[in-house]
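1. got a predicted structure plus its sequence, pasted below:
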Amino acid sequence: MCIKDFTFSKSEHLTKSDEFDKTYKEGKRYSNKFFLLNVLEKSDLDTKYSRIGFSVGKKIAKAVLRNKLKRKMREIFRTNKYNLSKKADLLLTARASALSADFKTLESAILDLFKKSM
């Protein structure tokens with residue numbers, strides 16, 4: 001794999017609110033102490049990777065901390081997207097306990113959810 005394969009392009013994002021809503025309402029849910037993962041399986045064969053959206057609620061913390069947490073979540077997905085066997089729309093929602101966890105703990109929690117869902 002070359003470095004270009006580890007990019008996180010717009011085509012791998014859930015971008016529209018309709019996509020977020022559909023994944024949230026119709027997707028299967030998996031959770032752990034730090035995150036809630038909604039998975040909506042896709043039957044499209046033209047998608048190369050799974051698409052993902054990130055959510056951190058306003059009740060959790062101030063904007064700076066929420067954005068920092070979302071950057072960590074994006075990085076974990078970007079470096080591990082090849083481990084996902086199914087093509088699906090994913091919605092990863094952080095819980096308040098994720099703010100106090102270090103990067104390795106967050107990474108293992110997210111990868112655990114990916115394994116449960118695939």
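-> In hand now; what should we look at?

2. for Thr23, see how far away Ser108 is.
-> Computed with CB to CB, to the nearest Å, the distance linking Ser108 and Thr23 is 23 Å. Just so you know, the C-beta spots here come from the backbone N, C-alpha and C atoms, and that holds for glycine as well.

3. more neighbours: which of those two?
-> Taking other CB atoms under 10 Å, Ser108 and Thr23 do not tie; Thr23 has more neighbours (20 against 14).

4. run through the neighbouring helices and strands of the helix or strand hosting the more buried one.
-> With secondary structure defined by DSSP states H and E, Thr23 is part of helix 17-26. On a contact count with 3 or more CB pairs under 8 Å, 6 or more residues apart in numbering; DSSP states H and E, helix 17-26 meets strand 35-41, strand 51-56, strand 88-94.

5. relative to Ser17, which of the ones you listed is closest?
-> Relative to Ser17, the nearest member of the helices and strands packed on helix 17-26 by CB to CB is strand 51-56, separated by 9.7 Å.

6. tell me the gap between the closest one and the middle of its chain.
-> For strand 51-56, the separation from the chain centroid amounts to 5 Å (computed by CA atoms, centre = their mean, to the nearest Å).

7. how about the contacts made by the residue nearest the centre of the chain?
-> Centroid check for the chain by CA atoms, centre = their mean gives Leu92 as the closest residue, at 3.9 Å. Contacts for Leu92 (CB atoms under 8 Å, 6 or more residues apart in numbering) come out as Phe35, Leu36, Leu37, Ile52, Gly53, Phe54, Ser55, Met73, Phe77, Ile110, Leu113.

8. 7 Å instead, please
-> Residues near Leu92 by CB atoms under 7 Å, 6 or more residues apart in numbering: Phe35, Leu37, Ile52, Phe54, Met73.

9. CA atoms of the helix or strand encompassing the last one as CSV?
-> Taking DSSP H and E as the definition, one finds Met73 inside helix 63-80. As requested, C-alpha coordinates have been extracted for helix 63-80 and formatted as CSV (Å, rounded to 0.1, in the frame of the first residue of the first chain):
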residue,chain,number,x,y,z
ALA,A,63,-15.9,23.0,21.0
VAL,A,64,-12.1,22.7,21.2
LEU,A,65,-12.3,19.4,23.1
ARG,A,66,-15.1,18.0,20.8
ASN,A,67,-13.0,18.9,17.7
LYS,A,68,-9.9,17.3,19.2
LEU,A,69,-11.8,14.1,19.9
LYS,A,70,-13.3,14.1,16.3
ARG,A,71,-9.7,14.5,14.9
LYS,A,72,-8.6,11.4,16.9
MET,A,73,-11.7,9.4,15.7
ARG,A,74,-10.9,10.4,12.1
GLU,A,75,-7.3,9.4,12.4
ILE,A,76,-8.2,6.0,13.8
PHE,A,77,-10.6,5.3,11.0
ARG,A,78,-8.2,6.6,8.3
THR,A,79,-5.4,4.2,9.4
ASN,A,80,-7.7,1.2,9.9
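
10. cheers, nothing more for now.
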